[in-house]
Every structure is written in C-alpha cells, then in structure tokens.
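Participant: here is a sequence with its predicted model. Questions after.
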Amino acid sequence: MSAPRTLPWPLVALFTAGYLAPYLLPTTVGRLDSGLPLTATQAGAIGSALLLSSATAGFLLASRTDRIGARRAARTGLTLAALGYGGAALTGAVPAVVAGAVLGGFGSGTVTAVAVSGIAAVGIPPREGVRARGSDPHRVTTLGLLGVSALAGALYLTIPRLGPGHGLPLAALALTALAVLPLTGRLPGRTAPARAVTGYDRLPHPRSGLLLAAAMPFWSLAQNALWGVSGRIGLGQARLGEVTVGAVFAVALGAGLLGVVGAGALGPRLGRAVPIGAGTALIAGCVMLSSAATDLTAFAAGEIAWNLLYPVVLSYVIALAASLDPRGRWTVLVGSASALGTAAGPLTGSVLAAWAGFPAMGRVLGAVLLLIAVPMTAVALRAGRRPLPVVDIPVETPAVPARWDYDTASPNSYASTSAR
C-alpha cells in the first residue's frame, strides 16, 4: 500500500531561507562596496566571512540536528539570521556590519542544516509495509530551489528600484527569516535515541562521501568566485547600468526556475552521473563566456545559461549525497563543504580579477570545473551501481530520526528503512 501524499513545505521554506544569502551575494557584495567605505576586495571578504560562518554552522550541526531537535534548531537559526542581518542593515559602522553578517551567516547555515537533514529523510518509509510515495529528496530539493530562485529573482528586480545603500539586501534576508519562523511549529522536536543501534552511528559509504565532500568546495568556489563579481563585470566590463544588471540576474534566476522544473520532471531517468558530469562541463563554458563579456548580449547569455544549469546540477548533487546516508549526515557535510567553497568565492574572484582580469579569471575557474567534474561523476556512477542496503531499526527504541509528519508535527515510528 502507499502512504498519503504529503509535501514537507516547512523544509521547502527553510531551504529557501537558508540558501537565499548565497543567491543574493552579488548585490550584497556590490552594495557593501558602493555603500560603505570599503574596497571591492574588502567587500568580497565580508561576503566570504558571511558564507564561512554559514559553512561552520553546517559542520557543527551535521550529526546533532536530531539530538537538538529540528524545531529548536530552526528557530534558533532563523532568529540569529534575523538579528544578524537586520542589525547589519541598520548600521553604517563597518565592524558592526561585519559582526552582523557573520552572525546572520551562522543563522543561515543552521537553517540550511535543518532543511537538508530533513530532506534526506523524507523518503524513509513511515512503517513496514507502507511505501512512501509522496516525496523524495530530489523532489523536495527541486521545490526548495524553485522557492529560492523565485524569491531571489524578485529581489533582484526590486532592490535597485528602492534606492542606494548597503542595507536593502541584508534587510531582505532578515525579513525572509522572520517570515519563515512561524512555520517551524510544524517541525518535530528532539528525537534523541534511547539506545544506540550497533554500527549505525558510523557514516556509511565513507569513500564515496569523502570524495564528494572533498570535490564540492572546488565546485562551489569556481562558480561563486564568478557569481561574487558578476555585478562588477556587468557594471564595469560590460558597461551596463545597475537596473539592467539586476534585470539580467532576475531573468537568469527565472531560467533557473525552468531548469529546476525540468530536473524535477526528469527525475532519475538519466541517473545522476550524466546531469552532474555533463552539467558541470557546460557550466564551465558558461563561466568563461560570462567572465569575458563586454556587452549586454554576451553577459546575459553567459549568466542566463549558467543559472539555468547550476540549480539542476546542484539538485542532483544533493540527491546523490542524500542517497549515501538516510540520516542526512552526508547531505549536511557535503552542503557545508560546498559552503566553504562558496565562502571563499567572493574573495577568490576579487583577487583573481585584480591580478589577471576577468577573462583570465574565467578561464582558470572553467578549468577547475572541468577537472572537478571527474571525481564527482565517478561517485555518481559508483552510487548508481551500488545495491540498496537495508538497516533494521527497533520500533520501541528508534536510534535515528523518525520520518517527519508535517501535518501533526510529530515523528512516526517505523520498523525498517532503506537507504535510497
């Protein structure tokens, strides 16, 4: 028989709130540069500090979300994000802005850790004999990417029309956190194990997981190094206005929506190796095209094609990590490793651009993406050939987070689970 079709909308909302900061990175860094007495490199360093703080939260919470409780962790993260970003938006003192950005970044990372841990668990059958057909990690990930792409696109169209100043993108991050906060009441509380199941605390598939986690910082760094300076490329090298650049970003994120919809419809039909490997290679070409743009046509083509492909590949990477561990630990670790690369992106892009110029920067980043596509594809191929292991869990003393029921805000017990 089949379980009722239920979509975990709180996880989708948390995913959107957690990922919004990286999506708004170009306008955040650009506004810091233009609105405060900072150089472009210093503004990029603040963006990197924000994202590094987010990655740190993910690493700290990778195996602790079930013990802390999803509801408590999400509320804490959203509160920190609102306070940090909101405080940074309301002050013009550079040290206070840095402190607020770091605090807000830690909140975003906490929220993201809760979201991806829950996403990895949504495919777990609620009890023996019942097949969960309502959701799977890839489907929920695509919905989250749809949400963050749509929201970021709307903000890119809106922020340039609201006036200058560094506070607008930071205020948008704070308000998003506040808007999502009421939804945390539908998340489960603490589900600490009564006793451990032998061998389950060990991370499964360590070689594949470590290889994927080691590759992700470079994958994210190469793309976010360009994303962090894309505004400067459009304004300086392509000689476009801020409204035009914002419109290009909005259209690009709209293309990302189409890509995510396509990925959701395609699902696992092509496996994961082809979307991850071929998609990363195509992204490398987009990065080189965008970084060399000197007019609106080339700049828009590179940014739109790149943003069309990026969320598609990312959704398959998250699903691949989720397949390695149904508790979501590899998902959080891989996501945090990706955030490390994202954190280093703005500063790396600024330094490379200052040293060699935007076109040379793009060629270097494209080469890195082509190289890193090889081990990522290898992990996807190996995961596709691996039989699905089964882990037996006692009903009376569950040692792993139970499947989340978002209609009752309480976990369901189950007798066995299969790592997808």
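Facilitator: Noted; the coordinates are in hand.

Participant: what's near enough to touch Ala113?
Facilitator: Ala113 is in contact with Gly18, Ala57, Gly58, Leu61, Ala62, Thr65, Ala73, Gly77, Val332, Gly335, Ser336, counting by C-beta atoms under 8 Å, 6 or more residues apart in numbering. (C-beta placed from N, C-alpha, C; glycine too.)

Participant: brain fart, Pro164
Facilitator: Arg31, Ser34, Gly35.

Participant: same check on Ala265?
Facilitator: By C-beta under 8 Å, 6+ apart, the contact list for Ala265 is empty.

Participant: just say helix, strand or coil for it.
Facilitator: With DSSP: H, G, I helix; E, B strand; the rest coil as the basis, Ala265 sits in helix.

Participant: go on, Thr294?
Facilitator: coil.

Participant: where does pLDDT dip in the stretch 101-250 of the chain?
Facilitator: Low-confidence segments of the stretch 101-250 of the chain (pLDDT under 70): 120-138, 188-201.

Participant: start to end distance for stretch 87-100?
Facilitator: With C-alpha to C-alpha, to the nearest Å applied, stretch 87-100 spans 6 Å between its terminal residues.

Participant: could you give the mean pLDDT of that stretch?
Facilitator: Averaging pLDDT along stretch 87-100 gives 92.

Participant: what does that stretch contact?
Facilitator: 32, 36-38, 46, 49, 83-86, 101, 103-104, 166-168, 170-171, 174.

Participant: show me which of those residues are buried.
Facilitator: Buried members of these, scored by 16 or more other C-beta atoms under 10 Å, are 32, 36, 38, 46, 49, 83-86, 101, 103-104, 166-168, 170-171, 174.

Participant: restricted to helices, list these.
Facilitator: 32, 46, 49, 83-86, 101, 103-104, 167-168, 170-171, 174 (DSSP state H).

Participant: ok, those vs Ala322, which is closest?
Facilitator: Gly104 (26.5 Å; C-beta to C-beta).

Participant: the closest one reaches Ala21, doesn't it?
Facilitator: Yes: at 7.3 Å, Gly104 and Ala21 qualify as touching, with contact defined as C-beta atoms under 8 Å.

Participant: which parts of stretch 225-244 are buried?
Facilitator: In stretch 225-244, counting by 16+ other C-beta under 10 Å, buried: 225-235, 237-238, 240, 242, 244.

Participant: quick check, nearest of those residues to Val261?
Facilitator: Nearest to Val261 among those: Trp227, at 21.5 Å, using C-beta to C-beta.

Participant: apart from its neighbours in sequence, what residue is nearest Phe249?
Facilitator: Tyr156 (4.3 Å; C-beta to C-beta, 6 or more residues apart in numbering).

Participant: just Leu314 next, same as before
Facilitator: In this structure, Leu314 finds its nearest non-sequential neighbour in Leu145, 6.9 Å apart by C-beta to C-beta, 6+ apart.

Participant: in the helix or strand that neighbour falls within, what counts as buried?
Facilitator: Counting by DSSP states H and E, the element that carries Leu145 is helix 137-158. By neighbour count on 16+ other C-beta under 10 Å, the buried set for helix 137-158 is 137-153, 155-157.

Participant: can you check stretch 273-281 too?
Facilitator: Under 16+ other C-beta under 10 Å, the buried positions of stretch 273-281 are Ala273, Pro275, Ile276, Gly277, Gly279, Thr280, Ala281.

Participant: wait, Asn224 sits on Ser350?
Facilitator: No: with contact defined as C-beta under 8 Å, Asn224 does not count as touching Ser350 (11.6 Å).

Participant: more crowded one of the two?
Facilitator: Set Asn224 next to Ser350 and count neighbours by other C-beta atoms under 10 Å: Asn224 wins out with 29 against 26.

Participant: show the contacting residues for the more buried one.
Facilitator: Per C-beta under 8 Å, 6+ apart, neighbours of Asn224: Pro22, Leu25, Leu51, Gly341, Thr342, Ala344, Gly345, Pro346, Gly349.
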